[in-house]
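Engineer: coordinates for the following, if possible.
(chains A, B and C)
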Amino acid sequence: MRVFLFFLATLFSLRGAELRVVSLSPALTELICFLGKGHLLVGRSDVCTYPADVKKLPVAGRFAIPFTEKVLALKPGLLVSNDLVNPGVKVNFQRAGIRTLQLPCRNLKEYRKCVEILGKELDARKAAGEEIRRIDTLQKRKVSPKNLRVLWVVWDTPLMAPGRRSHLHEIIRLTGAENATGEFDQEYVRPSFDKLLKKDVDVIIWSASSSGWKQRRVWKKFPAVKNNRVLADFEQDSLLRPGPRLKGGIEKLERILEQWKK
Amino acid sequence: MIKRIFLPLLLLVTVFAGGIFFGAETLSIKEVFHSSVAELRFFRMLGAMFIGGALSLSGMVFQAVLRNPLAEPYTLGVSAGAGVGAATAFILGLHAVSIYAVPFTALAGALVTLLLVLYISRAGGGERLLLSGVIAGTICSSILMFLLSVASSDEVAAASWWLLGDLQSINEKLLFPMIGVTLAILFYLRWSAGELDLLALGEKEAFFLGVNVKKMTFIMVLCASVLAAVSVALAGAVGFCGLIVPHTVRRLCSSSHRRNLFPMFIWGAVFLMACDILSRLVLPGQELPVGVVTSITGGPVFLWILNRKR
Amino acid sequence: MKLQAENIFFSYGSKKILENCSLTLSPGKLTVITGPNGSGKSTFVHLLGGLLQPGAGEVLLDGKNLKSFSHIERACRIGVLAQEKLPALDFSVSERIMMGRFAHLPRLFEPGPEDKKSVEEVMDFMGISSFGTALCNQLSGGEYQKVLIAALLARKTPVMLLDEPTSALDPAGALRCMEIFRLLKSETAIALVTHDLTLAAAFADELILVNKGRIFAAGTPREILTKENIASVYGCNAEILPSSTGPVAVFR
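Structural biologist: Residues are numbered from 1 along each chain as shown, chains lettered A, B, ... in the order given. Okay, the predicted model is just below:
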């Protein structure tokens, strides 16, 4: 009997020792599940909605903003996020013995790093190694130049588009096309219409939630709109968040651009 | 007459033309007549012209009716109300339904705030109205903060950019109704400029000089609010225009509204158009919210004029 | 033109301000209203000018109730100089005086030659022609009061009500001002409120002593300015000395 109780106790303490993770970034949540460690997650942010299973988890914060009491109540060992709006909150978690990990994930290089670190932290080195190889082959892959200029409309009022530091710039580049706002050395920019109109934009990827290109006169001047080459609602989640679905999304985009190639 | 109207008018035409030629790319004369860039800039300048004019008139009327030099759309809560309306549209996703959604919710927000302020302060005078406006504005700002903090990050970005004022996103379809409304109010204000002068003296004085004070105060406040609301609806909350242009024009020209009404409109238009051109030139190929430029350039000019003897 | 108040009552809530006051203003007679602070003089002027409506009784202009006149009609007939603060906007002196002629000005065009002439005339009259383009806010209290009187004179109304027109003026200014009213009174019904009993005695045809919302006494200065009246209204002793212009009250 004693032995049995001891065995039970060991079992529970072992189970208790398993790392509990709260993720405040949809990209990282997705990655954790992809690495086969989704069962470690005990809390998520309100925007973590993929894969569908994670929606069952309690919400412990918003993007980069943890709800401190909620997080403490979930008793995680690790809190991961891309960034923290108020880095001061880390102190509260440290006091409770919760480790915080900020993994910025704005481009492919940073994403690769995220995979590497989370693979180590969550003991999923094998899955992580595979994902890293996938990223590397994606980047080394030869693609035919498409001779297309792509404008990625992240938001339309005001107009926001990716600059050179954004992963969206990399995505466009990896498909063999050119980013119409790639000359700006920033993550996101507010380009002026003047410049864009002069550039002959061939394709527009429309990520804003309105359908402004159908309504405002300005957009009708763009060759992309005239030729009906606007990709709206296109693989939104998988491309806007650098994550495991990036590869599929990029390949799909490339197939579409291939048809339009000049 | 020449100095008061024609010189500013000449300046207006010059700045307008400048706004078409200059931008991320400088156009040649030939290009101006055959390019989509010129057409785009034309509508944008037209927008800047009427928004600048409307905001200046709005500030001017508020200052006269409330007899307070610090009154402008913001102090009455009209702009904040419009902001709440616009943010609501973003958060409910109405902006995706129709391009008219945000402007109309902004207009509704502004008018609802105004009516509430007028209703609450109906028994009191101008000072009470101003105080109610300030409080309503504060409440609206808090509601706005609340809405932004429950919204997801995309909408927050859109709404907060929009609240700084943005002339690039002006919708041409809304521009012409707005111009119509502004011109109608401009001519009505010229018609009633004498009453406006007297209201600026005080309610008692205006009454003894033959003004129906209650009625005229209401109409004037309504005109000013509609001007502010249509501007906010079109281009977001462009700040500072309603404060510095009226004070500057009063200094340069006259405080009598019979004399300064058209100059007020023209100088307001010139000011905002110039700020818009600047906002395009500061970062090559990129846009700066025009509200940033109006504050940075307008503030020092305002201080200089305020401290200069006429 | 005749302005009459017939048994008017006025109160703010339960606080009675005026009770059963009657008076008649007509051309040829300069009426002076005086009384202690808070006795209801300004309220009386506001009622006569139509700003306030009496709780009971009537204000009649040429026999017709003042309420039946439109705002412009009323402003063309009754000119009021209220106790006015400096304007919030920087109006120039000539603009401020021109505003007095609001009821006569064309809406869209510049003021006509007649308007300009009468503005110049009254500025001359009040000795402020040199102010012209100065801003009202740069003037002293007394100078601005002259501007306000000029603005009232520019209106050329047949009835004029003035609430303390001479309070900020120096003795020479006050005297000049009263002389102007004396000149005007043959064609204008004038009532003015003042605390200056000497001026009142010198110029008033009828002196009305108001106390605690009632007309305490009315009549010629000689009848009203008595030791007994002053003692019961102001609660202090005064000696009444005769002079060539009228009785002078010396307080002690």
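
Engineer: tell me where the chain has strands.
Structural biologist: Assuming you mean chain A. A:21-23, A:41-45, A:59-62, A:65-66, A:78-81, A:99-102, A:149-153, A:155-156, A:159-162, A:178-179, A:188-189, A:203-206, A:230-232 (DSSP state E).

Engineer: right idea, wrong chain: chain C
Structural biologist: Under DSSP E, chain C gives strands at C:3-12, C:15-25, C:30-34, C:56-61, C:64-65, C:78-81, C:159-163, C:189-193, C:206-211, C:214-219, C:238-241, C:248-251.

Engineer: can you redo the strands of chain A as TSV with mean pLDDT and mean neighbour count?
Structural biologist: Where you see a C-beta, it was placed from the backbone N, CA and C, and this is true even at glycine. Output for these, formatted as TSV (pLDDT from 0 to 100; neighbours: other C-beta atoms under 10 Å in any protein chain shown):
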stretch	mean pLDDT	mean neighbour count
strand A:21-23	94	29
strand A:41-45	93	23
strand A:59-62	89	20
strand A:65-66	88	22
strand A:78-81	93	23
strand A:99-102	92	17
strand A:149-153	93	24
strand A:155-156	82	22
strand A:159-162	90	26
strand A:178-179	94	20
strand A:188-189	88	21
strand A:203-206	93	24
strand A:230-232	90	18
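
Engineer: apart from its chain neighbours, what residue comes closest to residue C:250?
Structural biologist: Closest residue to residue C:250 apart from its sequence neighbours, by C-beta to C-beta, 6 or more residues apart in numbering or on different chains: residue C:239 at 4.8 Å.

Engineer: cool, and residue C:23?
Structural biologist: Distances taken as C-beta to C-beta, 6+ apart put residue C:5 closest to residue C:23, at 5.1 Å, once the chain neighbours are dropped.

Engineer: thought that neighbour was touching residue C:57?
Structural biologist: Yes. Under the criterion of C-beta atoms under 8 Å, residue C:5 makes contact with residue C:57 at 7.0 Å.

Engineer: give me the common contacts of the two.
Structural biologist: Counting by C-beta atoms under 8 Å, 6 or more residues apart in numbering or on different chains, the shared contacts of residue C:5 and residue C:57 are C:21, C:22.

Engineer: what about the helix or strand where residue B:65 lies and chain C, touching?
Structural biologist: Here residue B:65 sits within helix B:36-66, counting by DSSP states H and E. Yes. Applying C-beta under 8 Å from any C-beta of the partner chain, one finds helix B:36-66 touching chain C at B:63, B:64.

Engineer: next structured bit after that helix?
Structural biologist: helix B:78-92.

Engineer: and that next one, what does it pack against?
Structural biologist: When contacts are defined as 3 or more C-beta pairs under 8 Å, 6 or more residues apart in numbering or on different chains; DSSP states H and E, helix B:78-92 sits against helix B:101-120, helix B:126-150, helix B:153-163, helix B:213-235.

Engineer: now render the ones you listed as a markdown table, adding mean pLDDT, mean neighbour count and distance to chain C.
Structural biologist: A markdown table is the format used below for the helices and strands packed on helix B:78-92 (pLDDT from 0 to 100; neighbours: other C-beta atoms under 10 Å in any protein chain shown; distance: least, C-beta to the nearest C-beta, whole Å):
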| stretch | mean pLDDT | mean neighbour count | distance to chain C |
| --- | --- | --- | --- |
| helix B:101-120 | 83 | 21 | 20 |
| helix B:126-150 | 81 | 18 | 9 |
| helix B:153-163 | 63 | 20 | 30 |
| helix B:213-235 | 88 | 23 | 9 |
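
Engineer: those helices: which one's closest to residue C:135?
Structural biologist: Minimum separation from residue C:135 across these (C-beta to C-beta) falls at helix B:126-150, 21.2 Å.

Engineer: count the residues that sit near residue B:98.
Structural biologist: Neighbourhood size, residue B:98 [other C-beta atoms under 10 Å in any protein chain shown]: 14.

Engineer: how near is it to residue C:220?
Structural biologist: Going from residue B:98 to residue C:220 by C-beta to C-beta, to the nearest Å gives 79 Å.

Engineer: number of residues surrounding the residue in the stretch 201-310 of chain B positioned nearest to chain C?
Structural biologist: Closest to chain C within the stretch 201-310 of chain B is residue B:210: 2.7 Å, counting by C-beta to the nearest C-beta. Look at residue B:210: counted by other C-beta under 10 Å, it has 22 neighbours.

Engineer: can I get the strands of chain C in CSV with mean neighbour count?
Structural biologist: Shown next, in CSV, are these (neighbours: other C-beta atoms under 10 Å in any protein chain shown):
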stretch, mean neighbour count
strand C:3-12, 18
strand C:15-25, 18
strand C:30-34, 25
strand C:56-61, 17
strand C:64-65, 10
strand C:78-81, 26
strand C:159-163, 24
strand C:189-193, 25
strand C:206-211, 22
strand C:214-219, 16
strand C:238-241, 14
strand C:248-251, 14
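
Engineer: okay if I get those strands as TSV plus distance to residue B:182?
Structural biologist: Listed next are those as TSV, based on distance: least, C-beta to C-beta, whole Å:
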stretch	distance to residue B:182
strand C:3-12	43
strand C:15-25	46
strand C:30-34	49
strand C:56-61	42
strand C:64-65	42
strand C:78-81	37
strand C:159-163	41
strand C:189-193	46
strand C:206-211	52
strand C:214-219	55
strand C:238-241	64
strand C:248-251	62
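
Engineer: need the ones you listed in TSV (columns: mean pLDDT).
Structural biologist: Converted to TSV, the strands of chain C look like this (pLDDT from 0 to 100):
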stretch	mean pLDDT
strand C:3-12	92
strand C:15-25	92
strand C:30-34	95
strand C:56-61	93
strand C:64-65	94
strand C:78-81	94
strand C:159-163	94
strand C:189-193	95
strand C:206-211	94
strand C:214-219	93
strand C:238-241	90
strand C:248-251	88
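
Engineer: between these, which gets nearest to residue B:292?
Structural biologist: strand C:78-81 (48.7 Å).

Engineer: quickly check: the closest one near chain B or not.
Structural biologist: Yes. Contact of strand C:78-81 with chain B (C-beta under 8 Å from any C-beta) involves C:78, C:79, C:80.

Engineer: residue contacts, the closest residue to chain B within the stretch 151-252 of chain C?
Structural biologist: Closest contact between the stretch 151-252 of chain C and chain B, by C-beta to the nearest C-beta, is at residue C:155 (8.0 Å). For residue C:155, the contacting residues are C:75, C:79, C:100, C:101, C:103, by C-beta under 8 Å, 6+ apart.

Engineer: same list (these) but as a markdown table, adding distance to residue B:248.
Structural biologist: Formatted as a markdown table, these follow (distance: C-beta to C-beta, whole Å):
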| residue | distance to residue B:248 |
| --- | --- |
| C:75 | 33 |
| C:79 | 35 |
| C:100 | 28 |
| C:101 | 28 |
| C:103 | 31 |
